[in-house]
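Participant: Below are the sequence and a predicted model for it; my questions follow.
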Amino acid sequence: MSVSVVGFGLLFFYAFSSSGEGADVLAGEEMVLCHFEVDEPQVERLESLIQAHSTLQEVLFDSGFTAGQIHYLVQDVQSVYDLNRVMPGHRIIIGRLVDGTFHDLEYHIDDEEYLRVKYESDQYVGSLHKHDFEVVVRELYGEVESSLWETLVAQGERPQLIESLHQILQWDIDFTAIWPKESFKLILEKKYLDGEFVKYGDILAVQFVHRAGTYSAFLFENPQSRGYYQENGDGVRRPFLRAPFAFDRRITSRFSHSRYHPILKIRRPHLGVDYGAPRGTPVLASADGTVISAGRKGGFGNLVRVRHPNGYVTGYAHLSRMDVRRGQRVKQGERIGRVGTTGLSTAPHLDYRVQNRSGQYINPQELAALPSDKGVEKEYFNQFVLLRDELMERLASIPEIEPSLSRNSRTD
């Protein structure tokens, strides 16, 4: 491949005076047009995948770098990105000229950003860049047969979409109790790079027809906030999660004032809800708050307690690991520990308890009835209504027919 280059010059005609005292410009300027071809360098690119337990040095050695070049490469771009932090499974692409001279390097930090390195003025120069995605808005309908997970996967969707749906609907829908024939409609963004599906963007609107009713959520952004709102403008977010997990877990024992204890063999109050989950499952703070204790406590084993701004206190017992300390502030959904079986316990599970402002234990499942998060600001409500009505009309127009092929093709 070649590049056309046009050069301009000035040609002057000089004549000397008879006195020889100097030169005068006699002729005017004449434009000279030079047209010639410059070949672009041919670059050969080698793409590698960082393997588990491999190092950057090993990858670069295999790509023809010397120890000295690796040292200066890492050092020169340190202020932009620390190449010692390369992660297994990430791509690194090295470009060289046909004579073996280094041309450029790309390291894909994540699915949004990459590092580019060039060699200029006797040093390596790094810069960060965002992937230039093509964002396409898609519509999707599905009817649950056995589980929401299986329904979406059967349509060629990825687990990340299910996680995003859970993040929006977790306060209203019990994802462990979805029945056959329940259905959903989605309007969502998909991101493509070089024609290939890479990741999901935002879910713009969702409608879920559940046995308990129809739940809708709409993404709305204004200069003050950005979030998901119900049809009436209330936020979908509640003060407390339905359950302190990324996904709803199976309840193995409910709140009761008289329960037979499997170890002590007596009946006594069980003032919490037990969730069965594999050992090591992340346990999340069910609301914003401050850790008031984190340590061993008798039959509860490893116990974390969090006080929340509304005066409620939540407790998380039998943990295998505690990831917070006393006095630490936590946000709703932040990991505070992992499921275990410490204390009086027969199998890995979480004993989740809630105390109200008076210190009385209440059924954690009643927290779902607490009021929604703040709604759309008054001055932006009319804008929300316009967007909501547009999205509701579009949701209503989605055919209730499930696709038979993957929806992730750029041409679907």
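Facilitator: Here it is on my side, so go on. From a predicted model like this one, the values you see are computed outputs, not experimental measurements. Residues are numbered from 1 along each chain as shown.
Participant: Partner strands of the helix or strand hosting residue 129, with direction?
Facilitator: Assigned by DSSP states H and E, residue 129 belongs to strand 123-130. Applying DSSP bridges to the sheet, strand 123-130 is found paired with strand 113-120 (antiparallel).
Participant: Which residues outside the partner strand are in contact with it?
Facilitator: Contacting residues not belonging to strand 113-120 are listed as 73, 77, 80-81, 83, 102-109, 124-131 [CB atoms under 8 Å, 6 or more residues apart in numbering]. Quick note: C-beta positions are derived from backbone N, CA and C, even for glycine.
Participant: So which elements touch the host helix or strand of residue 251?
Facilitator: Secondary structure from DSSP H and E places residue 251 in strand 250-253. Counting contacts by 3 or more CB pairs under 8 Å, 6 or more residues apart in numbering; DSSP states H and E, strand 250-253 packs against strand 273-276.
Participant: quick one: average pLDDT of the strand it packs on?
Facilitator: Confidence over strand 273-276 (mean pLDDT, whole number) is 91.
Participant: what mean pLDDT would you report for the next helix or strand after it?
Facilitator: Downstream of strand 273-276, the first helix or strand assigned by DSSP H and E is strand 282-284. Strand 282-284 comes out with an average pLDDT of 95.
Participant: Any chance you could list what contacts strand 282-284?
Facilitator: Outside strand 282-284, the residues that reach it (CB under 8 Å, 6+ apart) are 241, 244-246, 304, 316, 319, 332-339, 350.
Participant: are any of the residues you listed buried, and which?
Facilitator: With burial judged by 16 or more other CB atoms under 10 Å, the buried subset of the contacts of strand 282-284 is 241, 244-246, 304, 316, 319, 332-334, 336-339, 350.
Participant: if we can go back for a sec, now do the same for the strand holding residue 251: mean pLDDT, whole number.
Facilitator: 84.
Participant: again with stretch 304-311
Facilitator: 93.
Participant: So what's the gap between that stretch and the chain middle?
Facilitator: 27 Å (CA atoms, centre = their mean, to the nearest Å).
Participant: all helices of the stretch 51-200 of the chain, in order?
Facilitator: Listed in chain order, the helices found in the stretch 51-200 of the chain under DSSP state H, counting those that start in this stretch are 56-62, 67-76, 148-154, 159-169.
Participant: Could you look up the SS state of residue 357?
Facilitator: Classification of residue 357 using DSSP: H, G, I helix; E, B strand; the rest coil returns coil.
Participant: In this structure it contacts residue 312, no?
Facilitator: Yes - applying CB atoms under 8 Å, one finds residue 357 in contact with residue 312, separated by 6.8 Å.
Participant: In terms of neighbours, single out the busier of those two.
Facilitator: residue 312 (20 against 10; other CB atoms under 10 Å).
Participant: before we move on, the earlier item: please, a PyMOL command that selects the buried ones among the contacts of strand 113-120?
Facilitator: Buried members of the contacts of strand 113-120, defined by 16+ other CB under 10 Å, are picked up in PyMOL with:
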select buried, resi 73+77+81+83+102+103+105+106+107+108+109+124+126
